[in-house]
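Asks: just a sequence and a predicted model for now, questions to come.
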Amino acid sequence: MRLPVNRHRIWQLVFDAFLIAAAWRLTFFLSFDQKIPVYYRHYLDWQVTAEVIAITLATFVLFGFYDRWWRYVSTRDMWGAFRGVTVGCALTYLVLYAFPPAHTSRLPHRIPALDYLLLLAFVAGTRLLARSLIERPQGGGLVARGKEVLIVGAGDAGQLLIREMQRNRQLLYTPIGLVDDDPRKKDLRVHGVRVLGTTAELRHVLRDNRPDEVLIAIPSAAGRSRQQIVEDCRAENVPVKTLPGLHELIAGDVDLAGQIRPVQVEDVLGRQPVEVDLGAVAAYVAGKTVLVTGAGGSIGGELCRQLARLGVARLVLVDKGEEPLFEIERELVSERDFAAAVAVLADCGDQAKMQQTFDDYRPHVVFHAAAYKHVVMLEANPLQAVANNVFATRRLVEVAVDAGIERFVLVSTDKAANPKNVMGQSKALCEWIVESFARKPEVGTRFVAVRFGNVLGSSGSVIPIFRRQIERGGPVTVRHPEMTRFFMTIPEASSLVIQAGAMGGRGQVYVLDMGEPVRILDLAQQMIRLSGRDESEIPITFTGVLPGEKLHEVLWNDDEAVGPTSHPKIMRAAHVPIDHDWLEAELAELERLVDEGETSELVVRLQSIVHEPVRTGGEAVLEDTMH
């Protein structure tokens, strides 16, 4: 077995050699009261002592005594020491009994027994002493409890995590060291735990210390940084977990240590985290009644969670799905202690029901997140796409205007930009409806549409699909090797939707900066690696682009002017306004086609409307609408 060359291991070897020699010689002095008979003295010759040291040290190496530093000794290491000393001593005595030194008698039985006990005490005692006096955190006890963890990140989150582990013994975590990307922190201590090196040295630190687990405690870390940490840990065969990102930590619903979770693909996509200051822009919802449609969906549910934390007076949850509506209401009331949640089981396209709901609860702000959104399914069901997305939005807007609500925020999609499928075309019409009502001089409601791309982990997202395929052993199906999509986490997207709502102008369309597009193939490969397997075990197959799907999505139309806002991750998209009368006439014709079930004619008409709109003339204006 090759002994790794490391100065710490060399010193451990030298010290153990001294302990072996000391225990061997002390055994004879104690057994014979310092008057060793002449026929036993040859056992103390340097040749015999060297033989004892060599056999025992070789056994220690084979038992992995030098795979970790003494200051990180645990209960598991104590059992390892017991086994190693037992085997080492047994081999030594067998050799000495089989090949005793010349001119000596056989060893009395008390010599091996006493030597074994002394050496076991020396080996275990020195390691426990090093751990308790040199490196272990104060109050941590002599032996590690539960899992020994290396924490990546010596910042605020890392400090809080260590403090929680030391305070709460039920967590069964013992921090044995930290690494940080700041080299100036090396050898500093955080609550008694030493910074062992930098993140660039992570693999070396892992080889030296062999923790049971690595915890990433850098909530603001970019995806590429997390990805490198995960790859280093995987190369050293050490499991890795993480604290969630900034948006998940904002919730503050559970203690920090309670939010430790496995690393997910969302953590390693290479995106820069989006920072929002909800407190600075959420005054328009604080103390107000807010209505959210599609409240049981991915975005709608997260909007409800974040709005509940922003001090809204009441949340009106609207969804036509009984089960998801029940779940979000239960979560808000029972788990998040937000009692002011009202569940309304209704289709937001039911104008009479929505009129009753607005009369009963008098909302000030509406977030319209309800929509059909699965591209392939809507391509096969265009009548339902137009009825649910277009006309439900129109009826809800009409009710909101009649009720005189203050703000109306439409959740849109990147598929509404240069739309090539029924889903995108229907959402483009939703944007135009919002814009059309916003420009009426008699309407006091401030309308805004927020356009963004795919959200990771949402219903119908590729991530849960890939995850199920990996669990089944593959194959993982990808449409095309070059297909890309924009991705954002659900909490990020929801936070930016709320923030964009504060900018609500007269029908302004805001586009969230989604970062660089991500190849779906790269996403699949990352998920396979995070599962602990590779493509030789989980194959990837290409199935071809389906009808209505684009190879690459865009975030704005070719005829739109794009400008900045007060938030670096939110852009304004402006175009020449759509002619209101023309839009009303076209919507009336679409409604007739839906009522009569004219599917083919509706698809042709929908494409014609979206690709050949009639505009009022003039130029696109990028007005400053921050309020």
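Replies: Happy to help now that I have it.
Asks: how about the helices of the stretch 451-600 of the chain, start to end?
Replies: If you assign secondary structure with DSSP state H, counting those that start in this stretch, the helices in the stretch 451-600 of the chain sit at 462-471, 490-501, 520-530, 580-596, 599-611.
Asks: dump those to a markdown table, plus mean neighbour count.
Replies: All C-beta spots, glycine's among them, are computed from the backbone N, C-alpha and C. Listed next are those as a markdown table, based on neighbours: other Cβ atoms under 10 Å:
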| stretch | mean neighbour count |
| --- | --- |
| helix 462-471 | 17 |
| helix 490-501 | 25 |
| helix 520-530 | 20 |
| helix 580-596 | 15 |
| helix 599-611 | 16 |
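Asks: of all these, which lies closest to Ala392?
Replies: Closest of the helices of the stretch 451-600 of the chain to Ala392 is helix 580-596, at 11.6 Å (criterion: Cβ to Cβ).
Asks: figure out which of the helices of the stretch 451-600 of the chain is closest to Gly177.
Replies: Comparing those by their distance to Gly177 (Cβ to Cβ), the top pick is helix 520-530, with 24.2 Å.
Asks: tell me the helices and strands packed up against the closest one.
Replies: Under the contact criterion of 3 or more Cβ pairs under 8 Å, 6 or more residues apart in numbering; DSSP states H and E, helix 520-530 touches helix 223-235, helix 462-471, strand 476-478, strand 540-542.
Asks: can we see that at 10 Å?
Replies: For helix 520-530, the elements it packs on are helix 223-235, helix 462-471, strand 476-478, strand 484-485, strand 540-542, judged by 3 or more Cβ pairs under 10 Å, 6 or more residues apart in numbering; DSSP states H and E.
Asks: Phe447 contacts Ser412, correct?
Replies: No - with contacts defined as Cβ atoms under 10 Å, Phe447 does not count as touching Ser412, sitting 11.8 Å away.
Asks: what touches both of these two?
Replies: Overlap of the contact sets of Phe447 and Ser412 (by Cβ atoms under 10 Å, 6 or more residues apart in numbering) consists of Glu431, Val434, Val509.
Asks: quick one: closest of the helices and strands packed on helix 520-530 to Ala346.
Replies: Taking Cβ to Cβ as the criterion, Ala346 comes closest to helix 462-471 out of those, the separation being 27.2 Å.
Asks: pull the CA atoms of that closest one into CSV?
Replies: Extracted as CSV, the C-alpha positions of helix 462-471 are listed here (Å, rounded to 0.1, in the frame of the first residue of the first chain):
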residue,chain,number,x,y,z
VAL,A,462,-37.8,19.2,-17.8
ILE,A,463,-36.2,18.8,-14.4
PRO,A,464,-38.9,16.6,-12.7
ILE,A,465,-39.2,14.7,-16.0
PHE,A,466,-35.4,14.1,-16.1
ARG,A,467,-35.4,13.2,-12.4
ARG,A,468,-38.1,10.5,-13.0
GLN,A,469,-36.2,9.1,-16.0
ILE,A,470,-33.0,8.9,-14.0
GLU,A,471,-34.7,7.1,-11.1
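Asks: centre of the chain to it, how far?
Replies: Averaging C-alpha positions (Cα atoms, centre = their mean, to the nearest Å) puts helix 462-471 16 Å from its chain's average.
Asks: which other residues reach that helix?
Replies: Applying Cβ under 10 Å, 6+ apart, the set of residues contacting helix 462-471 from outside is 264-266, 454-458, 461, 474-479, 483, 485, 487, 520, 523-524, 526-528, 530-533, 537-538, 540-541.
Asks: hmm, back to that, adding distance to Val238 and mean pLDDT, write the helices of the stretch 451-600 of the chain out as a markdown table.
Replies: Output for those, formatted as a markdown table (distance: least, Cβ to Cβ, whole Å; pLDDT from 0 to 100):
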| stretch | distance to Val238 | mean pLDDT |
| --- | --- | --- |
| helix 462-471 | 21 | 84 |
| helix 490-501 | 28 | 85 |
| helix 520-530 | 14 | 84 |
| helix 580-596 | 58 | 93 |
| helix 599-611 | 52 | 92 |
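Asks: any chance of those helices in a markdown table, plus distance to Gly296?
Replies: What follows is the helices of the stretch 451-600 of the chain, written out as a markdown table (distance: least, Cβ to Cβ, whole Å):
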| stretch | distance to Gly296 |
| --- | --- |
| helix 462-471 | 16 |
| helix 490-501 | 14 |
| helix 520-530 | 26 |
| helix 580-596 | 25 |
| helix 599-611 | 28 |
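Asks: out of those, flag the one nearest Ala400.
Replies: helix 490-501 (13.6 Å).
Asks: distance to Leu317 added to the helices and strands packed on helix 520-530, as a markdown table?
Replies: Compiled in a markdown table, the helices and strands packed on helix 520-530 are given as follows (distance: least, Cβ to Cβ, whole Å):
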| stretch | distance to Leu317 |
| --- | --- |
| helix 223-235 | 32 |
| helix 462-471 | 23 |
| strand 476-478 | 35 |
| strand 484-485 | 29 |
| strand 540-542 | 39 |
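Asks: closest one to Thr59 among these?
Replies: Each of these was checked against Thr59 via Cβ to Cβ, and the shortest separation belongs to helix 223-235, namely 28.9 Å.
Asks: and the next element down the chain from the closest one?
Replies: Using DSSP states H and E, the next helix or strand after helix 223-235 towards the C-terminus is strand 240-242.
Asks: ok now that following strand, how far from the chain's centre?
Replies: For strand 240-242 - counting by Cα atoms, centre = their mean - the centre lies 9 Å from the chain centre.
Asks: same question, stretch 414-427
Replies: Distance, centroid of stretch 414-427 to centroid of chain: 30 Å (Cα atoms, centre = their mean).
Asks: check stretch 304-312 too.
Replies: Its chain's average C-alpha position is 22 Å from that of stretch 304-312, according to Cα atoms, centre = their mean.
Asks: same deal with stretch 417-429?
Replies: Relative to its chain's centre, stretch 417-429 lies at 31 Å (Cα atoms, centre = their mean).
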